[in-house]
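**Student:** below is the sequence, then the predicted model.
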Amino acid sequence: MANTQNQIDFNKITADVISKNLDKIILGTYKIGSSQWKNLRLKTGDAFTNYLTSAIEKYSKVKTLLYRDKPMPIYDFYVDIDLINYDQTISTQDINNLLNLDKNVAIFGGGGSGKSTLFKHLFLNTITETEYIPIFIELRSLNDIEQSLVDCMYNTISTLNFNLEKEYFEKSLINGRYLIFLDGFDEVDDSIRKRVTQDIISLTDKYKSNHYILSSRRSDVLFNGWNNFTELEMSPLSKNQALELINNMRYDNEVKGMFLHELEHKLYDTNKSFCSNPLLLNIMLLTFREFAEIPDKIHIFYRRAFDVLYSQHDATKGYKRKKRAEKDLTSDEFKKVLATMSTLSYLDDVNSFDNSTLLNYIKDAKTILDINFSEEEYKVDLVESVCILILDGLDYKFQHRTFQEYFTAEYILSMDDEDLFQILRRLIKEKPSSLRSDVVFHLMYEMEKGKLEKAFIIPFLKEIISFTESPTKEASYLKYLRSGYTEIGINYSMMGEEDINTEEDAISFTVRNDRMGYTDFIENFISQKYKGSFNFEEDNIGLSKTNDMSNLKKYGKEEENSPDISVKLDENVTDNEALFNEILGHSYYYLIGYEFSIKLLKELEEKHKKQGAIRDVLFKLK
């Protein structure tokens, strides 16, 4: 459908949408006499027409790695990506396929899977295929100023020439004529995520006649308790979709032709995990001209992508882009500044910058590295010459968040062991997304596994085990659980959801606000990276699962106005042996991970001891 949408007369369709919605929008909004009704009706119609006209202009164009000079019409290159709901595949070609599923839909996808581009297509498709009025909210905007979602929606459409008073807009939400897109929940700061979650739930409850579609990276905590959303997953690109996407790209025809041939006959089958991701597929095309091969590891992709972007020759214009900061910085220094400012902003949970904020991060990187150059010229180079950042309205943002995460991983690995330990310890405690959904730890493990083990994994596992050390194994288990969770409970309100059909399925753990990060580290990193790396026999640990809930029900506290039951994981829980054993039985998978980590620490210490002995021999050789 790449080019068919370009022929659509959006002006005519917008007029039809407003005409069909107008009376329903203003129903009950104005308490006025009939003499004023006509004027206010016209005023309301003009406000929505102005808004939709501006919104179509904004969301119908996209800047990408390949289209870096100016935004390109989305349907010049767009390829429909399917969504998956268990064994059901849902086409995104028509927004009605999603609207027929549920009032509230959440779409999950990894970095680079195309969620934001999909949302822009769905926004436009809403106008062409439905009678709803779409509103597109970038949830990261809530990080900058404390505001409700209704305020955020109103401020967003006001910047797009919607000139109706807020009270009338808010009243119009009751009438159910909107399709509201909530893009990038995973980009909401951890510090306000709970508040934003509650705001979204309240919004969907209060204005339940509207439709809501939310996007996020997948995380085990993002949707805890969001019972009124149907969850969908972004489908990887099929071979045909990957070929169509590349074929739609405006790029050097000779290079594109060779790449398409390789993609069809070899690359997709041998590198499916990369070729099925739109962002990585674009990087592959970018680097193919220079390297004519595809590396097996993702960090090499980003390294090569930067090298190509930094020295990029414009294939259609035949010249090398002049960098303003080149007179003061070597390419290696340019990259160090980028890695430093990426890390500083990543630690602050910032990936979108106004002008002054971006310049401050560059200035801070300049101070840390003790290099003299113009911050303004460097900023311009990031956008115009190297294209790592793009200008989106008045804000700058990374071409994709994974670039920021890659350069952060590079910078942290360049630190000495003590600094590396402290910064990763801070990340785990203060930014759980670094383990749950971001790729920083994954990239460091892939890039320098040995250094990561020696400088961080071994000492951090020692810290966990030292913290949990207790007179009895059971006491150690409780201390470990309490480092990450405050309560265990039965969430009856979740009953009836997919895969939550029994009481046992409804067991949940309440995450601590002041967690130490121990459980996150073991569950979201250690268990994933080292599972199967050595012989570990779960059956010999002495732990056992249980389906029994009699003691949780008997001694648990009922939640106010809810059928849910919870038991606090405080020290007093050990006083009731039957209850405590039941809790341990329901904590089986967490505790197996803890036991696995104890064994892993011994394995890693032995491995690095042997490696150290071999290094000693090498240094003694004359």
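**Tutor:** Sure, I can see it. Numbering: from 1, shown residues only.
**Student:** longest helix in the chain, please.
**Tutor:** Criterion DSSP state H: the longest helix present in the chain is helix 588-620.
**Student:** elements contacting that helix?
**Tutor:** Applying 3 or more Cβ pairs under 8 Å, 6 or more residues apart in numbering; DSSP states H and E, we find helix 588-620 packed against helix 458-468, helix 473-484, helix 527-530. The C-beta positions use only the backbone N, C-alpha and C, and glycine is treated the same way.
**Student:** tell me the helix or strand right after the second one.
**Tutor:** I take that to be helix 473-484. Downstream of helix 473-484, the next assigned helix or strand under DSSP states H and E is strand 485-490.
**Student:** what's the following helix or strand past that next one in contact with?
**Tutor:** As assigned by DSSP H and E, the chain's next helix or strand after strand 485-490 is strand 507-511. For strand 507-511, contacts defined as Cβ atoms under 8 Å, 6 or more residues apart in numbering pick out 221, 224, 481, 484-491, 494, 566, 586-587, 590.
**Student:** how about stretch 587-595?
**Tutor:** Residues from elsewhere that reach stretch 587-595 (Cβ under 8 Å, 6+ apart): 468, 477, 480-481, 488, 509, 519, 522-523, 526-527, 538, 541, 543-546, 584.
**Student:** which residues touch the residue minimising distance to the centre of the chain?
**Tutor:** In the chain, the C-alpha nearest the mean C-alpha coordinate belongs to Arg217, at 3.6 Å (Cα atoms, centre = their mean). Contact partners of Arg217, counting by Cβ under 8 Å, 6+ apart, are Phe108, Gly109, Gly110, Gly111, Asp186, Ser433, Ser437, Asp438.
**Student:** selecting buried members of the contacts of strand 507-511 in ChimeraX, what would you type?
**Tutor:** Command for ChimeraX that selects the buried part of the contacts of strand 507-511, burial taken from 16 or more other Cβ atoms under 10 Å:
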select :221,481,484,485,486,487,488,489,490,491,494,566,586,587,590
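**Student:** closest one to Ser356 out of the contacts of strand 507-511, please.
**Tutor:** Closest approach to Ser356 among the contacts of strand 507-511 (Cβ to Cβ): Val221, at 32.9 Å.
**Student:** for the stretch 101-250 of the chain, which spans come out with low pLDDT?
**Tutor:** Along the stretch 101-250 of the chain, the parts satisfying pLDDT under 70 run over 111, 218-227.
**Student:** tell me where it has helices.
**Tutor:** Here the stretch 101-250 of the chain has its helices, by DSSP state H, counting those that start in this stretch, at 115-129, 149-158, 166-172, 190-206, 239-248.
**Student:** deepest of the ones you listed, which one?
**Tutor:** Mean neighbour counts were compared across the helices of the stretch 101-250 of the chain using mean count of other Cβ atoms under 10 Å; the top stretch is helix 115-129, at a mean of 21.
**Student:** dump it to CSV, keeping only the CA atoms.
**Tutor:** Extracted in CSV, the C-alpha atoms of helix 115-129 (Å, rounded to 0.1, in the frame of the first residue of the first chain):
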residue,chain,number,x,y,z
LYS,A,115,5.9,1.2,16.7
SER,A,116,5.9,5.0,16.2
THR,A,117,5.7,4.8,12.4
LEU,A,118,2.9,2.3,12.7
PHE,A,119,1.0,4.8,15.0
LYS,A,120,1.4,7.5,12.4
HIS,A,121,-0.1,5.2,9.8
LEU,A,122,-3.0,4.3,12.1
PHE,A,123,-3.6,7.9,12.9
LEU,A,124,-4.0,8.7,9.2
ASN,A,125,-5.9,5.5,8.6
THR,A,126,-8.4,6.5,11.3
ILE,A,127,-9.3,9.6,9.3
THR,A,128,-9.7,7.7,6.0
GLU,A,129,-11.4,4.6,7.3
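**Student:** quick revisit: ok, and for the longest helix of the chain, which residues are buried?
**Tutor:** Tyr590, Leu591, Ile592, Gly593, Tyr594, Glu595, Phe596, Ser597, Leu600, Leu601, Leu604.
**Student:** can I take it that Asn97 is in a helix?
**Tutor:** Yes. Assigned with DSSP: H, G, I helix; E, B strand; the rest coil, Asn97 falls within a helix.
**Student:** and the helix or strand where Phe301 lies, how far out from the chain's middle?
**Tutor:** Assigned by DSSP H and E, Phe301 falls within helix 298-310. Averaging C-alpha positions (Cα atoms, centre = their mean, to the nearest Å) puts helix 298-310 21 Å from its chain's average.
**Student:** what mean pLDDT does that helix get?
**Tutor:** What helix 298-310 shows for mean pLDDT is 80.
**Student:** cool, stretch 613-622 as well?
**Tutor:** 74.
**Student:** just the C-alpha atoms of that stretch, please, in PDB.
**Tutor:** Extracted in PDB, the C-alpha atoms of stretch 613-622 (Å, rounded to 0.1, in the frame of the first residue of the first chain):
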ATOM      1  CA  ALA A 613      46.700 -17.600  36.300                       C
ATOM      2  CA  ILE A 614      47.200 -17.900  32.500                       C
ATOM      3  CA  ARG A 615      47.700 -14.100  32.200                       C
ATOM      4  CA  ASP A 616      50.300 -14.300  35.000                       C
ATOM      5  CA  VAL A 617      52.200 -16.900  33.000                       C
ATOM      6  CA  LEU A 618      52.100 -14.800  29.900                       C
ATOM      7  CA  PHE A 619      53.500 -11.700  31.700                       C
ATOM      8  CA  LYS A 620      56.300 -13.800  33.200                       C
ATOM      9  CA  LEU A 621      57.500 -14.900  29.800                       C
ATOM     10  CA  LYS A 622      60.700 -13.300  28.600                       C
END
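**Student:** and it, how far from the chain's centre?
**Tutor:** Worked out by Cα atoms, centre = their mean, stretch 613-622 lies 45 Å from the chain centre.
**Student:** same check, this time on stretch 603-620
**Tutor:** 39 Å.
**Student:** which one is Lys297 nearest to, not counting chain neighbours?
**Tutor:** Glu446 (5.5 Å; Cβ to Cβ, 6 or more residues apart in numbering).
**Student:** next, the angle from the host helix or strand of that neighbour to helix 298-310.
**Tutor:** Using DSSP H and E, Glu446 falls within helix 440-447. Computed with axes from the mean of the first three to the mean of the last three Cα atoms, to 10 degrees, the direction of helix 440-447 lies at 100 degrees from that of helix 298-310.
**Student:** pLDDT averaged over the helix or strand following helix 440-447, what's the number?
**Tutor:** For helix 440-447, the following helix or strand on the C-terminal side (DSSP H and E) is helix 449-452. In this model, helix 449-452 has a mean pLDDT of 96.
**Student:** in a strand, Ser566, correct?
**Tutor:** Yes. Counting by three-state DSSP, Ser566 is part of a strand.
**Student:** touching, it and Tyr555? I think so.
**Tutor:** No. Counting by Cβ atoms under 8 Å, Ser566 does not reach Tyr555; the two are 10.5 Å apart.
**Student:** give me the common contacts of the two.
**Tutor:** Common contacts of Ser566 and Tyr555, defined by Cβ under 8 Å, 6+ apart, are absent altogether.
**Student:** how near is the residue nearest to Ser113 when sequence neighbours are not counted to Val255?
**Tutor:** Once flanking residues are discounted, Ser113 sits nearest to Met234: 4.4 Å by Cβ to Cβ, 6+ apart. Relative to Val255, Met234 is positioned 28 Å away (Cβ to Cβ, to the nearest Å).
**Student:** cool, Phe525 as well?
**Tutor:** For Phe525, the distance to Val255 (Cβ to Cβ) stands at 38 Å.
**Student:** what's stretch 433-444 in contact with?
**Tutor:** Applying Cβ under 8 Å, 6+ apart, the contact partners of stretch 433-444 are 111, 186, 190, 217-222, 298-299, 302, 346, 401-402, 405-406, 408-409, 412-413, 424, 427-428, 452, 517, 520-521, 524-525.
**Student:** of the contacts of Arg217, just the buried ones, ChimeraX syntax please.
**Tutor:** To isolate the buried ones among the contacts of Arg217 in ChimeraX, judged by 16+ other Cβ under 10 Å, type:
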select :108,109,110,111,186,433,437,438
